[in-house]
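J.: Could you work out the structure for the sequence below:
(one chain, ligands or ions: 1)
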Amino acid sequence: MSNTPLPAPELGEPYLLTPGPLTTAYSVKQAMLKDWGSWDDDFRAMTRNLRSQLLAMIGDSAADYDCVPIQGSGSYAVEAMLGSFVPRDGKVLVLANGAYGLRAAQTLDYLGRAYQLLDKGDYLPPRGDEVAEILANDTAITHVLAIHCETSSGILNPVEEIADATRAAGRKLLIDSMSAFGALPLDPGALHCAAFVSSANKCIEGVPGFGFVIARKDEIEASKGNSHSLSLDVHAQWATMEKTGQWRFTPPTHTVAAFMKALDLHAQEGGVAARGARYTKNRDVMVGGMRDLGFETLLADRWLSPIIVTFFCPADPNFTFQGFYDAMKARGFIIYPGKLTVVDSFRIGVIGQMDEHVMRRVVDAAREALTDMNVSSAAPPVAALEERKKLAA
Ligand SMILES: *Cc1c(COP(=O)(O)O)cnc(C)c1O
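T.: Residues are numbered from 1 along each chain as shown. As a prediction, this is how the structure comes out:
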């Protein structure tokens with residue numbers, strides 16, 4: 001890491017091997033030691049820079065898009081995007097293979113927007129030909145919602161083929177790129193994406209407090225009056241920011257200040273490509289080491305994101321998730337429970353202020369944890385491997 005931060009343990013904190021909130025740089029935390037007036041020019045300048053620096057990350061198509069920050073966690077931004085860009089008489093094809101796709105469908109229930117759900121279960125990817133077939137059979141569908149990296153399993157969904165099918169059918173594409181943007185390339189122009197969302201506390205390595213919508217300007221302009229919600233109206237937030245440079249309601253000032261520092265670090269590191277490369281190295285070192293210990297990943301390499309990885313819990317009766325969690329925490333690492341419905345699993349995130357050296361220590365900690373627990377083999381139960389065969393089918 002270029003700007004060497006204080007490693008988390010020197011602050012007496014464990015590393016968060018979670019998909020956000022995550023381990024941030026010391027300088028990001030330090031940026032919050034100041035109060036900002038939300039109306040003041042200095043804060044307005046930060047907001048302006050925040051929007052333009054995020055837009056610069058999408059590359060060539062930036063001129064056609066604008067960035068609208070929204071207070072709240074990532075789900076607020078998802079809800080703002082769905083409520084603002086899907087007209088009240090619109091219909092969404094929701095591509096789900098985990099909790100975040102299902103949450104988007106639930107959001108549409110609350111909004112009273114029609115949708116069709118393609119639910120692929122815990123982790124199977126929605127494919128382009130399936131999308132094409134559904135769109136051909138249901139002409140009422142106006143929008144397709146894809147999850148870029150489905151953080152529940154860590155699968156990297158095939159957004160390009162989904163985008164191709166959506167465009168070929170003349171429908172509009174919305175993307176939840178919450179846990180991918182900033183580390184994985186996303187060119188909304190090339191994907192013909194109407195809008196996508198991400199948030200402050202994932203791959204850009206800020207602290208929680210806001211999300212942001214990046215949408216085509218013509219889509220933003222056309223969205224006036226669509227939103228069911230005052231506070232989540234993307235058009236209204238955008239119009240106010242354009243006119244006054246301010247957020248409509250109290251902005252998360254300290255979070256924004258921290259985010260500006262996180263954006264500096266992101267640029268210093270070398271932008272999206274370098275961040276993605278560091279996370280990929282983190283994943284490869286961690287997954288390689290865990291496999292050497294006998295652990296198995298849920299997903300085949302092709303679908304493994306450089307964000308978070310799901311492992312099967314070992315079949316050995318001495319293994320318990322709680323015991324493993326506690327042993328890892330005692331060594332300075334907070335892991336994450338799994339979200340599979342069929343077999344027991346856990347997840348290890350590889351994003352945040354961590355590099356391959358930290359990942360080697362994660363593997364050492366896992367080895368020691370197995371010894372502590374008297375687990376002789378980390379091999380998963382047969383049922384887990386049966387489950388995984390579905391992916392190859
Ligand atoms: C983190 C995340 C969200 C938003 O979750 P919040 O808890 O509301 O921040 C949405 N979608 C995906 C894919 C995510 O990883």
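
J.: just the strands in the stretch 251-393 of the chain please.
T.: 308-312, 333-334, 336-337, 345-349 (DSSP state E, counting those that start in this stretch).

J.: Rebuild those strands as CSV, extending it with mean neighbour count.
T.: (Glycine included, C-beta is placed from N, CA and C.) Conversion of the strands of the stretch 251-393 of the chain to CSV gives the following (neighbours: other Cβ atoms under 10 Å):
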stretch, mean neighbour count
strand 308-312, 25
strand 333-334, 20
strand 336-337, 16
strand 345-349, 24
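
J.: who wins for proximity to the ligand among those?
T.: strand 308-312 (8.5 Å; Cβ to the nearest ligand atom).

J.: re earlier: I'd like the strands of the stretch 251-393 of the chain as CSV, with distance to Lys261 appended.
T.: Compiled in CSV, the strands of the stretch 251-393 of the chain are given as follows (distance: least, Cβ to Cβ, whole Å):
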stretch, distance to Lys261
strand 308-312, 24
strand 333-334, 23
strand 336-337, 25
strand 345-349, 21
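
J.: Redo the ones you listed as a markdown table? Include distance to Val68 and mean pLDDT.
T.: Compiled in a markdown table, these are given as follows (distance: least, Cβ to Cβ, whole Å; pLDDT from 0 to 100):
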| stretch | distance to Val68 | mean pLDDT |
| --- | --- | --- |
| strand 308-312 | 27 | 97 |
| strand 333-334 | 32 | 96 |
| strand 336-337 | 30 | 94 |
| strand 345-349 | 27 | 97 |
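
J.: Dump those into JSON lines; add distance to the ligand as well.
T.: As requested, those are exported to JSON lines (distance: least, Cβ to the nearest ligand atom, whole Å):
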{"stretch": "strand 308-312", "distance to the ligand": "9"}
{"stretch": "strand 333-334", "distance to the ligand": "16"}
{"stretch": "strand 336-337", "distance to the ligand": "12"}
{"stretch": "strand 345-349", "distance to the ligand": "10"}
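
J.: Mind telling me what element Val92 is part of?
T.: For Val92, the enclosing helix or strand under DSSP states H and E is strand 91-96.

J.: Show residues contacting the following helix or strand past that strand.
T.: Moving toward the C-terminus from strand 91-96, the first helix or strand encountered (DSSP H and E) is helix 99-111. For helix 99-111, contacts defined as Cβ atoms under 8 Å, 6 or more residues apart in numbering pick out 75, 78-79, 82-83, 86, 92, 94-96, 114-115, 117, 119, 145, 147, 150-152, 176, 178, 228, 339.

J.: Spell out which parts of the stretch 51-200 of the chain neighbour the ligand.
T.: The interface of the stretch 51-200 of the chain toward the ligand, taken as Cβ under 6 Å from any ligand atom, is made up of 73-75, 78, 100, 147, 151, 176, 178-179, 199.

J.: which ones among the residues you listed are found in helices?
T.: Secondary-structure check on these using DSSP state H: residues within helices are 74-75, 78, 100.

J.: In contact with the residue in the chain positioned nearest to the ligand: list those residues for me.
T.: Across the chain, the shortest distance to the ligand (Cβ to the nearest ligand atom) belongs to Gly74, at 2.7 Å. Gly74 sits next to 178, 197-199, 201-202, 211 when contact means Cβ under 8 Å, 6+ apart.

J.: Swap in 6 Å and give it another go.
T.: For Gly74, the residues meeting the contact criterion (Cβ atoms under 6 Å, 6 or more residues apart in numbering) are 178, 199, 211.

J.: Repeat that for Leu145.
T.: For Leu145, the set of contacting residues under the criterion of Cβ under 6 Å, 6+ apart consists of 92, 94, 104, 174.

J.: Parallel or antiparallel, which strands does the strand or helix carrying it pair with?
T.: Assigning secondary structure by DSSP H and E places Leu145 in strand 143-147. Strand 143-147 has its sheet partners listed here by DSSP bridges as strand 91-96 (parallel), strand 172-176 (parallel).

J.: coming back round to it: so which of the contacts of Gly74 belong to strands?
T.: The strands, defined by DSSP state E, take in 199, 211 from the contacts of Gly74.

J.: Can you flag the buried ones in the contacts of Gly74?
T.: 178, 199, 211 (16 or more other Cβ atoms under 10 Å).

J.: on that earlier part again, distance of the residue of the chain closest to the ligand from Asp301?
T.: Relative to Asp301, Gly74 is positioned 27 Å away (Cβ to Cβ, to the nearest Å).

J.: now do Tyr65
T.: Remark: distance between Tyr65 and Asp301 (Cβ to Cβ) = 33 Å.

J.: Also Met260?
T.: From Met260 over to Asp301 (counting by Cβ to Cβ), the distance is 36 Å.

J.: Looking at the two, which has the bigger crowd around it?
T.: In this view Met260 and Asp301 are compared by other Cβ atoms under 10 Å, and Met260 has more residues nearby, 17 against 8.

J.: ok, now which ones touch the more buried one?
T.: Met46.

J.: what's the pLDDT at it?
T.: The predicted local distance difference test score for Met260 is 98.

J.: Was I right to think Arg275 contacts Leu184?
T.: No: distance between Arg275 and Leu184: 9.0 Å, which falls outside the contact criterion (Cβ atoms under 6 Å).

J.: measure stretch 115-129 end to end?
T.: Start to finish, the residues bounding stretch 115-129 are 19 Å apart (Cα to Cα, to the nearest Å).

J.: mean confidence for it?
T.: For stretch 115-129, the mean pLDDT works out to 96.

J.: Thr280 and Ser227, how far apart?
T.: To Ser227, Thr280 is 38 Å away according to Cβ to Cβ.
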